[in-house]
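Undergrad: Below: sequence and its predicted model.
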Amino acid sequence: ASQTSVQCEALPVWGKAGTNQERTFLAVKPDGVQRGLIGDIIARFEKRGYKIVGLKMIWPTEEMAAAHYADLSKKPFFPGLVKFFSSGPIVCLCIEGKDVIKQGRQMLGETQPLASKPGSIRGDYSIDLGRNICHGSDSPESAAHELKMWFPEGVNDWNKAVDSWVYE
Ligand code: ADP
C-alpha cells in the first residue's frame, strides 16, 4: 500500500524566503483572543492553502512585548502598546507558503483599520488603531527575527499532501 510521506526536509525556523517554503510570523493579539477570533483568523490562512507549521498560545511579559516592538520604542504610543500586548494571552503562528509575508500583510489589512478594506481581517473586525486584532511580519528580515524570537524551540517541518493541488 502506498502512503504519502509527511516527512519533509529540515528547515531553519524562518524557512526559505522567496520559495514555497517562505515563512512569516503571525499573532492574534490580546484583543483578537478576547473577542473569540482565533479560529477565524487561522481558518483564513488554512483555507487559502497556507501551511501552519507553528502554533501556540503565550502570555507575553512586558519585556517580550517591548522586544517584539523594539523598532517602535521611540514612539509616543510605545508604553501603551507594550502594556496592551502583554495584557493577556496571544496566539503565535508560523505560517508557510509562497509569498506568505506579503500575502499575510494583505490578508491582515492596513495598520489603520479605517484604511483596511472589508474582506481583510482588520477591515472585517476592527475599528481602532490600537485594537487591530492581529500582527504579521512586514519583511523577510522581520519574519526571520520574529520567528526566532517567538519560536526559539523551533517549529514543525511537515509535508502537506494537498500542496500539489495548491501549487502548480
Ligand atoms: P503593523 O502592526 O501594521 O505592522 P506598526 O508596526 O507600525 O504596524 O505598529 C505596530 C502596532 O502598534 C499597530 O498594529 C498598532 O496596533 C499600534 N500602533 C501603530 N501606530 C499607532 C499610533 N499612532 N497610536 C497607537 N497605536 C499605534
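TA: Looks like it arrived, so ask away.
Undergrad: Tell me the confidence at the residue nearest the centre of the chain?
TA: Residue closest to the mean C-alpha point of the chain, counted by CA atoms, centre = their mean, is residue 26 at 0.9 Å. Among the per-residue scores, residue 26 shows a pLDDT of 98.
Undergrad: What distance do you get for the nearest residue to residue 75 once chain neighbours are set aside to residue 65?
TA: With CB to CB, 6 or more residues apart in numbering as the criterion, residue 75 has its nearest non-adjacent residue at 7.7 Å, and that residue is residue 81. C-beta coordinates here come from the backbone N, C-alpha and C atoms, glycine included. Computed as CB to CB, to the nearest Å, the residue 81 to residue 65 distance reads 7 Å.
Undergrad: one step back: now do the contacts for the residue nearest to residue 75.
TA: Contact analysis of residue 81 by CB atoms under 8 Å, 6 or more residues apart in numbering lists 65, 69, 72, 75, 130.
Undergrad: And for residue 113?
TA: Per CB under 8 Å, 6+ apart, neighbours of residue 113: 122, 123, 126, 127, 128, 129, 132.
Undergrad: Please list only the buried members of these.
TA: If you count burial by 16 or more other CB atoms under 10 Å, the buried members of the contacts of residue 113 come out as 122, 123, 126, 132.
Undergrad: Find the pair from these with maximum spatial separation.
TA: Using CB to CB, these span at most 10.0 Å, a distance reached by 123 and 132.
Undergrad: Report the set of residues contacting both of those two.
TA: Shared contacts of residue 123 and residue 132 (CB under 8 Å, 6+ apart): 109, 113, 116.
Undergrad: Can you give me the neighbour number for residue 152?
TA: Counted with other CB atoms under 10 Å, the neighbours of residue 152 add up to 8.
Undergrad: ditto for residue 75
TA: Using other CB under 10 Å, residue 75 has 11 other residues around it.
Undergrad: And residue 7, how far from residue 156?
TA: Distance, residue 7 to residue 156, by CB to CB: 11 Å.
Undergrad: Can you pick out the residue with more neighbours from those two?
TA: Between residue 7 and residue 156, counted using other CB under 10 Å, the more crowded position is residue 156 (13 against 9).
Undergrad: Would you state the strands of the protein in chain order?
TA: Remark: strands assigned in the chain by DSSP state E are 23-28, 51-58, 90-96, 134-136.
Undergrad: would you list those in CSV and tack on distance to the ligand?
TA: Shown next, in CSV, are the strands of the chain (distance: least, CB to the nearest ligand atom, whole Å):
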stretch, distance to the ligand
strand 23-28, 10
strand 51-58, 18
strand 90-96, 13
strand 134-136, 5
